[in-house]
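[1] coords below, sequence missing:
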DNA sequence: GTCTATACGAAGATAGAC
DNA sequence: GTCTATCTTCGTATAGAC
């Protein structure tokens, strides 16, 4: 239900996690950002903040997974890579280099929210499956596709973090260039 | 001064930031972990938590920068890469997959500690300079060395994060294999 | 579902006594 | 430098009234 209290809360949580991480995302901040009453949070998420965070990481990961699937379908890995890089550039620019990946923030969220960390692991694994299938369909061997998929995700996630730190897009652009070379190397190999 | 109150505080801060991120690192936790009195924190770091965090990110980055420099000196990039990957594997295993990179945590620390984020940016830039010089010394062209250096750092940082999320070492091992291939591709290229 | 009030603990920071 | 006490703000969570 778009527009519902529950979905509004999740959207706000994703946005705040992006910017301030899991421990930095306070319930009071969520109330301000979402306009939802304090009471409703604990009605929709009896587990409180932890449940909301966990749900939000999973939801954001699912949305992005669908996005990645659309990018890869019927297109070359290099084309999909370029669009995915552009997607991240937009996030960084529009947020003035304050918002990164909510899944990464969930993974680095600390040990008092292990559910969010586990959910982040599941999300990354789903992304890998989507990428592997796309790579295999485009001439990458089944032996090397998993490693390549993991590397593409790692490199992009790392680059987003470097972009946040440096407050510029250069890391993503450099990684894009090198990932194109790496995809090429994995395609032409035996 | 090793063993001093100041250095003990920094060591504890690095350890706690690794595990719980910047917002998740509390002053009370620092007192417990370091054994230093509350008073001494504000004597050594008049700026309070923010100054301590910022100083700790820079210190950890400097230490690791020296470590990277030692790994690369007089050795091939692939050898250095292998040792650096092993270094991270050790951190992950010894912490039971709870401790990641303190610099990454600084970059994702949120907007109330922008100094830590900027320090993280400086640290990554120093690492890049070290790697670029090592790569150029080993047959990578000056044109492509910067992009390759940024990519290696991004991929490893991303892989560490994926390892934390998945609670396993596979992402780092896959990235190692692909980075070896990428270094090879950049070395044999014209 | 909304609003407001409130309990209870933990956060960061400061100050006095030694 | 250490100890403890304390101030203030903020955190999560709950409950009553509508």
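    Noted; the coordinates are in hand. Quick caveat: nothing in here was measured; it's all calculated off a predicted structure.

[2] the nearest residue to residue A:180 once chain neighbours are set aside: how many residues sit nearby?
    Distance criterion Cβ to Cβ, 6 or more residues apart in numbering or on different chains; nearest residue to residue A:180, sequence neighbours excluded, is residue A:78 at 5.4 Å. Yep, even glycine has a C-beta here, placed from its N, CA and C like the rest. Neighbourhood size, residue A:78 [other Cβ atoms under 10 Å in any protein chain shown]: 14.

[3] residue A:78 reaches residue A:183, doesn't it?
    Yes. Here residue A:78 reaches residue A:183: they are 5.9 Å apart, a contact under Cβ atoms under 8 Å.

[4] gap between residue A:27 and residue B:4?
    From residue A:27 across to residue B:4, the span is 39 Å (Cβ to Cβ, to the nearest Å).

[5] so residue A:24: helix, strand or coil?
    In three-state terms, and counting by DSSP: H, G, I helix; E, B strand; the rest coil, residue A:24 is coil.

[6] backbone phi and psi for the closest residue to it other than its chain neighbours, please?
    Residue nearest to residue A:24 in three dimensions, not counting chain neighbours: residue B:23, with 3.6 Å by Cβ to Cβ, 6+ apart. Dihedral angles of residue B:23 (phi, psi; degrees, to the nearest 10) stand at phi -70, psi -30.

[7] list the contacts of residue B:23.
    By Cβ atoms under 8 Å, 6 or more residues apart in numbering or on different chains, residue B:23 lies in contact with A:20-21, A:23-24, B:109-110, B:112.

[8] hmm, try it at 6 Å
    Applying Cβ atoms under 6 Å, 6 or more residues apart in numbering or on different chains to residue B:23 gives the contacts A:21, A:23-24, B:110.

[9] one step back: does the residue nearest to residue A:180 sit in a helix, a strand or a coil?
    Quick answer, by three-state DSSP: residue A:78 is helix.

[10] could you report the neighbour count for residue A:111?
    12.

[11] and it, what pLDDT?
    pLDDT, residue A:111: 90.

[12] tell me the SS of it?
    Criterion first, three-state DSSP; result for residue A:111: coil.

[13] quickly note the distance from it to chain B.
    For residue A:111, the distance to chain B equals 6 Å [Cβ to the nearest Cβ, to the nearest Å].

[14] quick one, phi/psi of residue A:144?
    According to degrees, to the nearest 10, residue A:144 has phi -100, psi -10.

[15] can you pull the pLDDT of the residue nearest to residue A:24?
    Taking residue B:23 on its own, its pLDDT is 96.

[16] and if you look at the one 4 residues further on?
    Here, the pLDDT recorded for residue B:27 equals 96.

[17] give me the number of residues near the residue nearest to it when sequence neighbours are not counted?
    Closest residue in space to residue B:27, ignoring its immediate chain neighbours: residue B:49 at 5.6 Å, by Cβ to Cβ, 6+ apart. By other Cβ under 10 Å, 18 other residues sit near residue B:49.

[18] how close does residue A:115 sit to residue A:65?
    19 Å.

[19] who's more crowded, residue A:27 and residue B:4?
    residue A:27 (14 against 10).

[20] from residue B:5, how far out is the more buried one?
    36 Å.

[21] what do you get for residue A:70?
    For residue A:70, the distance to residue B:5 - Cβ to Cβ - is 55 Å.

[22] those two: which is more packed in?
    residue B:5 (16 against 13).
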